[in-house]
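Q: pasted the sequence and its predicted model underneath.
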Amino acid sequence: MSLEYAAQNPFRPADWRWQRATALFEGTPGAMAANRRLDGPDGFTWINTALRFLREYNTARTETARARLSERRPGLFWAYWIWRSTNPLKHVIEAQLLARSSAYSIGYRCNTAPDVINAYEAMFFNVNDKIQHRSYILNCVIGPAIHRGLTEREYDLLWKLYGYFLGPAIVDALEGKFANPTWCGTPTAVGAAVMDDAISTLKLKAAIATKTVKVDQYTQLAIMDAFTKFVEIERTTDSAGKAQEQILDHISAMMTTLPFNVGGRVARGLTLNSPVDAFEKTAIELNYEEVLRLSVRQPIAHQQILQRLTFPVTQSTQLLEGAQ
């Protein structure tokens with residue numbers, strides 16, 4: 001077995017199992033049969049499965065024969081089909097694998113069976129058991145392009161890079177060019193949706209630009225100027241909005257924790273039990289100082305006497321309470 005595919009090799013490629021099977025199938029000198037000790041139990045199984053698949057695929061000369069093969073080995077057949085394709089769908093699968101998405105989730109996105117995704121990961125993009133090794137993923141899976149500088153045309157590497165660090169949702173945004181789309185249920189919602197889309201798209205493009213624009217003597221001043229302007233815009237728009245939202249959230253949290261209600265109303269789902277409640281059915285109208293003192297469980301003057309003062313009970317009052 002070539003040392004290139006050894007488990008201890010820190011540079012082992014993500015498609016090492018497929019390369020091992022291909023070398024055995026082609027009779028490459030020095031190619032060693034799959035070994036449980038060197039390749040691991042999963043590697044041993046997948047390499048032998050791939051070797052049988054290659055032999056069967058090579059003898060399936062007609063469309064009908066390959067259709068039958070796809071029925072016998074659907075997972076590996078369609079994983080191989082995707083791997084050979086130039087369709088960007090395979091880049092989506094790889095980016096989502098780096099984003100820790102499950103086989104079911106990726107399969108649902110890509111209209112394929114989870115078994116196909118599992119076979120693709122096992123044979124052509126084996127990263128699940130190394131996903132925590134950050135430097136390996138960056139340098140051996142994504143590749144040295146992240147160091148020399150990416151271009152927007154290398155969208156597949158951008159998807160993988162963002163997916164690995166920011167998760168599956170960012171891959172969806174980069175692929176579809178929509179950061180946070182809002183479904184327009186009515187014509188009146190179109191204006192706000194278009195405005196939000198314009199802002200989110202500009203932010204998405206700005207993020208891509210920061211990863212793809214080279215920094216040199218010609219671009220560094222322009223980059224710094226653009227960054228300064230962006231910070232100023234953010235300060236006067238998003239930050240202001242977020243600050244206002246935070247203030248409202250704090251006020252809401254404060255109001256829900258106050259131990260008294262307003263106008264005798266109790267918030268839905270809440271049961272208030274505070275010293276102020278004891279005066280709700282009395283003849284006393286507390287002033288604001290007394291309410292505040294009771295709300296922090298401080299006594300007020302003549303509290304027990306005030307609690308005993310009630311409205312005169314009349315026959316109409318008794319009938320009304322009985323009806324309730």
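A: Looks like it came in fine.
Q: pLDDT wise, what is residue 252 at?
A: Confidence per residue is given as pLDDT, and for residue 252 that number is 64.
Q: for residue 269, same thing?
A: Confidence score, pLDDT, at residue 269: 47.
Q: can you tell me the closest non-neighbouring residue to residue 54?
A: With C-beta to C-beta, 6 or more residues apart in numbering as the criterion, residue 54 has its nearest non-adjacent residue at 4.4 Å, and that residue is residue 25. In this view, the C-beta of every residue, glycine as well, is placed from N, C-alpha and C.
Q: tell me which element the one you found falls in.
A: When secondary structure is defined by DSSP states H and E, residue 25 falls within helix 16-26.
Q: and residue 203, what does it touch?
A: Counting by C-beta atoms under 8 Å, 6 or more residues apart in numbering, residue 203 makes contact with residue 179.
Q: make that residue 98, sorry
A: 127, 131, 137, 141, 142, 160, 163, 164.
Q: ok, now with 6 Å
A: By C-beta atoms under 6 Å, 6 or more residues apart in numbering, the contact set of residue 98 is 160, 163, 164.
Q: distance of it relative to residue 160?
A: Shown here: residue 98 relative to residue 160, a distance of 5 Å by C-beta to C-beta, to the nearest Å.
Q: which residues outside the helix or strand hosting residue 64 are in contact with it?
A: Remark: residue 64 resides in helix 63-72, with elements defined by DSSP H and E. If you take C-beta under 6 Å, 6+ apart as the criterion, helix 63-72 is touched by 56, 60, 77.
Q: pLDDT check: weakest of these?
A: The member of those with the lowest pLDDT is residue 60, at 92.
Q: now that residue: closest residue in space that isn't a chain neighbour?
A: Across the structure, with C-beta to C-beta, 6+ apart as the measure, the residue nearest residue 60 apart from its sequence neighbours is residue 66 (4.6 Å).
Q: pLDDT below threshold where in the stretch 1-150 of the chain?
A: Where the stretch 1-150 of the chain drops to pLDDT under 70, the residues are 1.
Q: helices along that one, start to end?
A: Applying DSSP state H, counting those that start in this stretch to the stretch 1-150 of the chain gives helices spanning 16-26, 36-59, 63-72, 74-84, 89-98, 103-110, 114-123, 134-136, 145-148.
Q: nearest to residue 171, of those?
A: Comparing the helices of the stretch 1-150 of the chain by their distance to residue 171 (C-beta to C-beta), the top pick is helix 89-98, with 4.7 Å.
Q: got the CA positions of that closest one in PDB?
A: Coordinates of each C-alpha in helix 89-98 appear next as PDB, following Å, rounded to 0.1, in the frame of the first residue of the first chain:
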ATOM      1  CA  LEU A  89     -24.400  19.900  -7.000                       C
ATOM      2  CA  LYS A  90     -21.400  17.900  -5.900                       C
ATOM      3  CA  HIS A  91     -19.800  21.100  -4.500                       C
ATOM      4  CA  VAL A  92     -23.000  21.700  -2.500                       C
ATOM      5  CA  ILE A  93     -22.700  18.200  -1.100                       C
ATOM      6  CA  GLU A  94     -19.100  18.600  -0.100                       C
ATOM      7  CA  ALA A  95     -19.700  22.100   1.400                       C
ATOM      8  CA  GLN A  96     -22.700  20.700   3.400                       C
ATOM      9  CA  LEU A  97     -20.600  17.800   4.600                       C
ATOM     10  CA  LEU A  98     -18.000  20.300   5.900                       C
END
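Q: how about the helix holding residue 25: buried residues?
A: Of the residues in helix 16-26, those buried under the neighbour-count criterion (16 or more other C-beta atoms under 10 Å) are 16, 17, 18, 19, 20, 21, 22, 23, 24, 25.
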